[in-house]
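Enquirer: Below are the sequence and a predicted model for it; my questions follow.
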Amino acid sequence: MLRLAILTLALLSSLRGEEWEECRSGPFEVWTNASERETRQMLVKLEQVRHMVGVYLGKSDPVSLWTIRVLLRKGKNTAATDWKLGRDAWVATLPEGSAPQAEWWKQVARMLMESNARRLPGYWEEGLLTFLSTLEAKGPRITLGATPVQTQRTLNWARVHYLATNAEYTTRFRVLMNNLQQGAEEEVAYRNSIGQAKAEVEKQVAAYHAAGQFATVEVSGRAISERDFYTRPIEAPRAAAALEDAGGTFVLEKQPLAWFQQTIASGTAPARVYLEYGKRLTETKAKQEAFVEAAKKNPRWAQPYVELANLEKTPERVAFYLKSAAPLDVRNSKLWQRLAEAQLDAKQFPEASRSWFSAELAAATVAERDAIRKERREFEAERARREDAEKQRIADERQRELDRLREEAMNKVREAEARANKGQTPLASGAKVEEWWDEKTPAKKISGQLQKVDCMGKMARVWVVPAGGGKPAPLLIRDSGNVVIVGGGEAAFGCGVQNPARQVVVEYKANADAKQNSQGDVTLIEFR
């Protein structure tokens, strides 16, 4: 901790006399202690790259999971740095007056793609990123198709170049990208968008690549210019922290607990600080609070929800948090699979199937997708087995409840019989016992939909449409107190047409009553 403080003080000392300013637009920040004009030019190009990523991936305003921060620094000894994920942003340093290499721009396009697009086949993604890495911008005008270095002129790059710069295919190419993101098989995607079989297009691409004649095209980008952006000053401690992140002298994961406590107490801690802090805590409630705060600080970040899921014990709660995480990280097939397994354990069967399909779409390679597809078939078989078992459990539970209600009804009859017999003279020894039960008609049963209820004072007439179709059967409820109702309660009997009609099983005595227009007297109604 002392060594870190010494390094920070040394860096702040080196920044004395330097005035840092920043320009912002969308997910981008360009910081500089050098040329303001260069800062604005950099921001214009960043925004045009973002615009074209959105055009090809079907996103009107692409976002980034993390801020993308460029540090333009004056000085002969300033060295360019690769992109690094700092405590609150992707950050890289560039010397004043330098031009970033194509690979640097390729990483910018990759950050945007990974934050906005569903998974594309790997060779499509590499080809598109390489194509975007040579984009040039002057205000609202964009030049596409500049040839990259020899090692980058692959068939995958040529495929994108051919379709994106050929006027005949430009619009169709965007449709193709959308179809592939939705998980369409390539052959189907080619025919739906290009209007040709994949093999036919590949033959054209191979010839195009071999010819080596790659022209550029000009297109309209965002209607922006350098004058649209303004600068504002940056405090020296913020600039020092960003330079630490870019130079690799600060690694968030290696900081001690005391540093996290101090940073959070200052009120300036970003999402990654809260997440790493939560990992270091031991008390579950405190960890949960830290992870929730991380989610609030960056609502696009899936990891806080994953950490919250890791703290849960029941599949329902695990699925609850993973269901928030997976859509934020749509390209993570492992996360979708974990969600599907949690939903299966939580008996959320349709949702589990959909999540497993999303895992298949998120596969990074064809081989991985084939493996997930094979696992998915096994998963669906297990899902069907568990779903059948759950349906049987529910049916058994319903039958037990029905049996319990019947037993309660019989107990009431026995109690009434006992009260009626109380005080009666016992039968003489050897006297004949007379049968008292005079019910000659066995109970009948009808399954179907409860269509209508006619309320008639203390009585009611129900109309049940048989499951197999036919005319509604009118049945009479003479006294609701003598009718066993399962799954609905008396409140289920609203007078008039039942909207919507409900599935029922009705048991009744076949005592036809022409006067009351009834085929029998109801004894039990079970709502399904």
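Expert: That came through fine. Numbering: from 1, shown residues only.
Enquirer: T130 and E103, how far apart?
Expert: The spacing between T130 and E103, counted by Cβ to Cβ, to the nearest Å, is 9 Å. For glycine as for every other residue, the C-beta is placed from the backbone atoms N, C-alpha and C.
Enquirer: An error on my part: the question was meant for T171.
Expert: 29 Å.
Enquirer: quick one on the thing from earlier: neighbour-wise, which of T130 and E103 wins?
Expert: Residue environment comparison for T130 versus E103 gives the larger neighbour count to T130, 24 against 15, counting by other Cβ atoms under 10 Å.
Enquirer: Quick one: name whatever helix or strand follows the strand or helix carrying that one.
Expert: Under DSSP states H and E, the secondary-structure element containing T130 is helix 122-133. Proceeding C-terminally, helix 122-133 gives way to strand 136-138 as the next helix or strand, assigned by DSSP H and E.
Enquirer: what distance separates that following strand from the middle of the whole chain?
Expert: 36 Å (Cα atoms, centre = their mean, to the nearest Å).
Enquirer: Show residues contacting it.
Expert: Outside strand 136-138, the residues that touch it by Cβ atoms under 8 Å, 6 or more residues apart in numbering are 44-45, 48-49, 142-143, 146, 221.
Enquirer: rerun at 10 Å
Expert: Strand 136-138 is touched from outside by 41, 44-49, 51-52, 142-146, 216, 218, 221-222, 224-226, with contacts defined as Cβ atoms under 10 Å, 6 or more residues apart in numbering.
Enquirer: I would like a PyMOL command selecting only the buried ones among those residues, please.
Expert: To isolate the buried ones among the contacts of strand 136-138 in PyMOL, judged by 16 or more other Cβ atoms under 10 Å, type:
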select buried, resi 41+44+45+46+47+48+49+51+52+142+143+144+145+221+222+224+226
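Enquirer: Which residue ranges of the stretch 1-150 of the chain form helices?
Expert: 2-14, 36-57, 102-116, 122-133 (DSSP state H, counting those that start in this stretch).
Enquirer: which one of those lies closest to L275?
Expert: Ranking the helices of the stretch 1-150 of the chain by distance to L275, with Cβ to Cβ as the measure, places helix 102-116 first at 17.5 Å.
Enquirer: I'd like to know which elements the closest one is packed against.
Expert: helix 36-57, strand 67-73, strand 89-95, helix 122-133 (3 or more Cβ pairs under 10 Å, 6 or more residues apart in numbering; DSSP states H and E).
Enquirer: Compare these and give me the one nearest G468.
Expert: helix 36-57 (52.7 Å).
Enquirer: could I get that closest one in CSV with only the CA atoms?
Expert: What follows is helix 36-57 as a C-alpha-only set of coordinates in CSV (Å, rounded to 0.1, in the frame of the first residue of the first chain):
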residue,chain,number,x,y,z
GLU,A,36,-7.0,20.1,-28.9
ARG,A,37,-7.6,19.8,-32.7
GLU,A,38,-6.0,16.3,-32.7
THR,A,39,-8.4,15.4,-29.9
ARG,A,40,-11.4,16.4,-31.9
GLN,A,41,-10.2,14.6,-35.0
MET,A,42,-9.7,11.4,-33.0
LEU,A,43,-13.2,11.7,-31.6
VAL,A,44,-14.7,12.1,-35.1
LYS,A,45,-13.0,9.0,-36.3
LEU,A,46,-14.0,7.0,-33.2
GLU,A,47,-17.6,8.0,-33.7
GLN,A,48,-17.6,7.0,-37.4
VAL,A,49,-16.2,3.6,-36.6
ARG,A,50,-19.0,3.2,-34.1
HIS,A,51,-21.5,4.3,-36.8
MET,A,52,-20.3,1.7,-39.3
VAL,A,53,-20.3,-1.0,-36.6
GLY,A,54,-23.9,-0.1,-36.0
VAL,A,55,-24.7,-0.2,-39.7
TYR,A,56,-23.3,-3.7,-40.3
LEU,A,57,-24.7,-5.2,-37.1
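Enquirer: now it against helix 122-133, angle please.
Expert: Put simply, helix 36-57 runs at 150 degrees to helix 122-133, going by axes from the mean of the first three to the mean of the last three Cα atoms, to 10 degrees.
Enquirer: tell me the strands in the stretch 351-500 of the chain, going along the chain?
Expert: In order along the chain, the stretch 351-500 of the chain carries the following strands (DSSP state E, counting those that start in this stretch): 443-456, 459-466, 473-477, 484-486, 496-509.
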